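Q: structure here, sequence nowhere to be found:
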C-alpha cells in the first residue's frame, strides 16, 4: 500500500492510498458521508490488486484528509479534488467508483471536467441528488438519524453515529469492524456532515448524458439510500448495467465482497 | 471466545468475555478510563488461552456494558461488579489484572471484600489514587486532555479523544487499530468519564496491607500515568515485583505483548 498527500481544490490536502501495479487499469474509490477510504479495504487488500491499480481517496473533511472549515458547498472544489488525484497519479482512463455520497462527487467532477478522461463509472448505492429532490430516496431510519448526526452535543452525536454505523449494514459486523468504522465515522466534525448534507444538487442531467460504461450496484435491503435510487439511475443512464444484491444493506462491497469484486473485475477488464 | 452478560452492582448489566479452559487458573482483566475489554485482545487471542482462563470485564459505562446515569462514585458498586464476575463464573483464587483506572477498581474490590478470595494481583500502569493526591502521578499531556475529555461539544470532545488515544501509545498504531480504539473510546459518554475522574480515592492503605503476590508493570515512556506511580506502589506493596518496559508507553500489554504475556504466564504459573 502506497500513500500520497495530494493538494486538491483550494490546496486542501487529500489523503490517498493505492495498491496494485502502477501501469494497470485504475479504479478510484470514493466513500460516502462521514466514512473514509478504509471502507474499501476488502477491495484494496484483495486479489483485485494483482491486476488493477486501486486508489482510495479520503474525501475532504474525512478520514486522514484535511478538514477545512468551509469549501464543501462548491461543486468545483469537489471536482478539483478528483481531478487532482487523477492528474497527480497520472491515471489514464480511470474508472471512478462512488459509494453513496460518492455519486454526488462523481457528478461534481463530470460537471466541471466532463467524461472525456474517464474509462467508466461504478455507482454503489450512490445518489445523484441532494436536498428536497433526494428525500424520497432516503431510508426513513437514516432520515431519522440526520438530526443526531448534525448535533453538537457529544452524547447525542455518538448515539446517532452508532445508529448510522448499524444502519449501513444489514447485519452488524463483529466488534473489531464495528468500532473501527465507528472511529472513522465519529472523527468527521458535524459541521462537515452538515455542509455536505445541506447542498442542493441534481446531477441527473449529467448521468443521463453519460456516454461511458456504467455499473450500478445496490443492496435490496439498503436502509440508507433506497434501491429506488439505483433503479432511477439505471433508467436514466444509457450504458448502465444494474446488479442488485438480495439480503444486503448499504455496503455491498463489504457485505458481499466476493461478488462485488468479481463484478468489478469483469467490468474493469472490459474498459 | 465466550460472552456473558452478568448483573453487577445495582443490577447494572456487565459485558464479560472469556477465552481458555474453564477449570484453569483465571486472570480477570480490567481496562482503564474510556476503554473496553477489547484492549486485552493481544492476551485473549494469544497462546495464554491454552493454559489460563482469561476473562475481560467491560467496566460499567464502558464498551458493551450498560451505561447507567449514576452509580460511578460509589466504591461498593465497583466492588460488587468485580465480585459478581468472580461469583458468576465461579472463579477460584483468580488473579485480578488492572490497567490504569483498573487499579482503582481492584482497590474498590479489596476495600469491600478483602483479598481472601484472590490468588494474585497484576497492576499495569495502574493508579491507586484519584483526585488531588493523584495529580503528581499524571502526565502533563494527559492532564491537558482532561477538559476536552469532559467537554460536551462533539468537535472538542473528539479532538481530545484523538489526542488521548495517541497519548496511550509511544508510537501511533496502524489505522485499523487506531480507529478501533478511537471508536470504543469515543462511545463512552463524557458524563461517565467525569463521574470516574471526579472520585477522590486513596487505596494506598489497602495496597500496603496486600498479602498476595503482585506483579507491577509500567512503560518508562508512559505519558498518561507516570512511572513514578508504579515506583510508589512497588515500595508500598510487600510482595511486589516491578517490571519496567524501556521505550514503551501506557499500554505495555499491547506495545510489547510478547514480553507482557511471558511475564504474566510466569507469574500466573506460580499462583
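A: Yes, it's here. Just so we're clear, the structure is a prediction, and the values are computed from it rather than from any experiment.

Q: from here on, contacts and neighbour counts on C-alpha atoms
A: Fine.

Q: can you show me the helices along the stretch 151-271 of chain A?
A: Here the stretch 151-271 of chain A has its helices, by DSSP state H, counting those that start in this stretch, at A:154-167, A:175-186, A:190-197, A:204-208, A:227-236, A:252-255, A:257-269.

Q: would you turn these into a markdown table with distance to chain B?
A: Formatted as a markdown table, those follow (distance: least, CA to the nearest CA, whole Å):
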| stretch | distance to chain B |
| --- | --- |
| helix A:154-167 | 4 |
| helix A:175-186 | 4 |
| helix A:190-197 | 8 |
| helix A:204-208 | 34 |
| helix A:227-236 | 29 |
| helix A:252-255 | 15 |
| helix A:257-269 | 18 |
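
Q: which stretches of the stretch 101-250 of chain A have low pLDDT?
A: In the prediction, the stretch 101-250 of chain A carries no residues with pLDDT under 70.

Q: let me have the helices of the stretch 151-271 of chain A in JSON lines, extended by distance to residue B:219 and mean neighbour count.
A: Formatted as JSON lines, the helices of the stretch 151-271 of chain A follow (distance: least, CA to CA, whole Å; neighbours: other CA atoms under 10 Å in any protein chain shown):
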{"stretch": "helix A:154-167", "distance to residue B:219": "32", "mean neighbour count": "21"}
{"stretch": "helix A:175-186", "distance to residue B:219": "25", "mean neighbour count": "23"}
{"stretch": "helix A:190-197", "distance to residue B:219": "36", "mean neighbour count": "18"}
{"stretch": "helix A:204-208", "distance to residue B:219": "57", "mean neighbour count": "17"}
{"stretch": "helix A:227-236", "distance to residue B:219": "52", "mean neighbour count": "19"}
{"stretch": "helix A:252-255", "distance to residue B:219": "38", "mean neighbour count": "23"}
{"stretch": "helix A:257-269", "distance to residue B:219": "41", "mean neighbour count": "16"}
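
Q: so which of those helices gets nearest residue B:180?
A: Among these, the nearest to residue B:180 by CA to CA is helix A:175-186 (3.7 Å).

Q: contacts for the closest one?
A: Here helix A:175-186 makes contact (CA atoms under 8 Å, 6 or more residues apart in numbering or on different chains) with A:34-36, A:39, A:63, A:158, A:161-162, A:165, A:172, B:158, B:176-184, B:186.

Q: out of the helices of the stretch 151-271 of chain A, which comes closest to residue A:128?
A: Residue A:128 lies closest, by CA to CA, to one member of the helices of the stretch 151-271 of chain A: helix A:204-208, at 6.1 Å.

Q: rewinding a little: would you turn the helices of the stretch 151-271 of chain A into a markdown table with distance to residue B:151?
A: Converted to a markdown table, those look like this (distance: least, CA to CA, whole Å):
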| stretch | distance to residue B:151 |
| --- | --- |
| helix A:154-167 | 8 |
| helix A:175-186 | 15 |
| helix A:190-197 | 15 |
| helix A:204-208 | 43 |
| helix A:227-236 | 39 |
| helix A:252-255 | 34 |
| helix A:257-269 | 39 |
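
Q: please name whichever of the ones you listed is nearest to residue B:14.
A: Across these, closest to residue B:14 is helix A:175-186 (CA to CA), at 16.1 Å.

Q: residue A:119 contacts residue A:269, doesn't it?
A: No - if you go by CA atoms under 8 Å, residue A:119 and residue A:269 don't touch, sitting 11.0 Å apart.

Q: what's the neighbour count on the residue in the stretch 1-150 of chain A positioned nearest to chain B?
A: Proximity to chain B, evaluated over the stretch 1-150 of chain A using CA to the nearest CA, is greatest for residue A:38 at 8.3 Å. Applying other CA atoms under 10 Å in any protein chain shown, we find 20 residues neighbouring residue A:38.

Q: pretty sure residue A:63 sits in a strand.
A: No - Residue A:63 sits outside any strand when classified using DSSP: H, G, I helix; E, B strand; the rest coil, being coil.

Q: what sits against it?
A: Contacts for residue A:63 were tallied using CA under 8 Å, 6+ apart; they are A:15, A:35-37, A:184, A:187-188.

Q: okay if I get the residues you listed as CSV plus distance to residue A:205?
A: As requested, these are arranged in CSV below (distance: CA to CA, whole Å):
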residue, distance to residue A:205
A:15, 30
A:35, 27
A:36, 28
A:37, 28
A:184, 33
A:187, 34
A:188, 30
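
Q: nice, that's everything, thank you.
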